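*Asks:* quick one, structure for this:
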Amino acid sequence: MKEKVIQFVSSTSHLATGSYRIWVNDLNSYFNKESIPSFISNDYNQESDIVICGKSDWQTAAKIKILFPEKKVGVINLSADKRDLPIDFVIVGSLEEADSLSCYKNVFLFPLIEDMYQSSQDYKTHAPVERLRIGFHGHYPHLNKFYPHLGPALEELEKKHKLDFELYIITSNTNPAWHIGKPNIKNIKIKRWDFDTIKQDLLSCDVGVVPNITNLTLEELKLKNSTDLGLYNTDYVLRMKNKSNAGRCFVFHQLGVPVVADFTPSNFHILGDPDNGYVAFNKETWVKALLELSSHKKRQDIANSAKKEFDRLYNPYDWAKKLYNNIGDIK
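*Replies:* Purely as a prediction, here's the structure:
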């Protein structure tokens, strides 16, 4: 049977844009290497059987489907408030996001696997260091998620445990309005995220931290305890974006940097095994995890185990073929 031709329609082609880099540029490359015909353009033509539109091109997707109803048309990373588009499928990056878009019949997962970090040559070898570098990367509003547990944990590591470390922040804004959660510690360095240097910046880190969720309290929500309803004052009350995913963990896994991350559900696919890293919520858990990772041998063991599991679970070619077959099965 003749292979269906895939066309990616994207109004942006900036590799610094994550949604384009992962779900257009990289995914197109995976398809081609699997001998699945696909190409990228900034406008639609009629040569394709399947059209995948970029995150910001949902209006274009709707127009294409109306004009060419026989085509299979989808959108990448669609906003959850766009609930009635005349499209055939949505491509998402996590199970959290998939659930939020379940109003669409066909929601397909393609995880945030970054091809730029896949080279086996780019893998960290851990050695003893005089000063531990604890790295964070991501959109600067995530810095506020250091509250209420990670920030105090870093303060305790410095003041009580006398751990010599630097908090290395890689983000788009080198002067962020970081008023909530910023730890009162000596060494904080902020580096601008840059496509040309990000790989080496991440490889310079000894440990990665990935905070994402917002912690709420029963008092803030005016929720009452109830034994009959199974509600207790020790419950977790968490808030997270519908697009929450494990992408920031993945990058560290790929490069051989051990990770401590929060209770975002997707993180558990790898970090649910303690051999692969740590999940933390309370200050005490962050402190224990980072103290353990002050050992270079522990860092190497955790990194190696996580990388092995990442490679097993997240082969991009397997996921690309699965996505292609899922789209092909749409009636």
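
*Asks:* need phi/psi at residue 140.
*Replies:* phi -60, psi -30 (degrees, to the nearest 10).

*Asks:* that one contacts residue 171, doesn't it?
*Replies:* Yes - here residue 140 reaches residue 171: they are 4.4 Å apart, a contact under C-beta atoms under 8 Å. C-beta: built from backbone N, CA, C; applies to glycine.

*Asks:* how much space between residue 151 and residue 211?
*Replies:* 9 Å (C-beta to C-beta, to the nearest Å).

*Asks:* which stretches of the protein have low pLDDT?
*Replies:* Scanning the chain for pLDDT under 70 picks out 1.

*Asks:* please name the nearest non-neighbouring residue to the residue nearest the centre of it.
*Replies:* Nearest residue to the geometric centre of the chain (C-alpha atoms, centre = their mean): residue 247, 1.9 Å. In space, and not counting its chain neighbours, residue 247 is closest to residue 112: 3.3 Å by C-beta to C-beta, 6 or more residues apart in numbering.

*Asks:* three-state assignment of that neighbour?
*Replies:* Of the three states, residue 112 takes coil under DSSP: H, G, I helix; E, B strand; the rest coil.

*Asks:* what is the end-to-end distance of stretch 208-228?
*Replies:* Length of stretch 208-228, first residue to last, C-alpha to C-alpha, to the nearest Å: 41 Å.

*Asks:* contact partners of it?
*Replies:* Contacts with stretch 208-228, where a contact means C-beta atoms under 8 Å, 6 or more residues apart in numbering, come from 134-138, 142, 145-150, 202, 231-233, 235, 237-241, 244, 248-249, 251-252, 257-264, 267, 281, 286, 290.

*Asks:* how about stretch 70-83?
*Replies:* Stretch 70-83 is touched from outside by 4, 19, 23-24, 48-55, 57-58, 61, 64-65, 85, 87-93, 97, 100-101, 103, 106, 108, 242-243, 327, 330, with contacts defined as C-beta under 8 Å, 6+ apart.

*Asks:* from those residues, which would you call buried?
*Replies:* Buried members of these, scored by 16 or more other C-beta atoms under 10 Å, are 19, 23-24, 48-55, 57-58, 61, 64-65, 85, 87-93, 97, 100-101, 106, 108, 243, 327.

*Asks:* so which of the residues you listed belong to helices?
*Replies:* 19, 58, 61, 64-65, 97, 100, 327 (DSSP state H).

*Asks:* among these, which two are most distant?
*Replies:* 64 and 100 (23.7 Å; C-beta to C-beta).

*Asks:* buried members of the contacts of stretch 208-228 into PyMOL, please.
*Replies:* Those of the contacts of stretch 208-228 that count as buried under 16+ other C-beta under 10 Å are selected in PyMOL with:
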select buried, resi 134+135+136+137+138+142+145+146+147+149+150+202+241+244+248+249+251+252+257+258+259+260+261+262+263+264+267+286+290
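
*Asks:* in helices, which of the contacts of stretch 208-228 appear?
*Replies:* Mapping those onto helices (DSSP H) picks out 150, 202, 248-249, 251-252, 286, 290.

*Asks:* how about TSV for those residues, with distance to residue 181 added?
*Replies:* Formatted as TSV, these follow (distance: C-beta to C-beta, whole Å):
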residue	distance to residue 181
150	7
202	22
248	16
249	19
251	22
252	20
286	12
290	16
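
*Asks:* sorry, back to before: would you check how far apart the residue nearest to residue 247 and residue 39 are?
*Replies:* Separation of residue 112 from residue 39 (C-beta to C-beta): 22 Å.

*Asks:* ok, and what's touching stretch 32-47?
*Replies:* Contacts for stretch 32-47 (C-beta under 8 Å, 6+ apart): 3-11, 13, 24-25, 28, 31, 48, 51, 60, 64, 68, 317, 320-321, 324.
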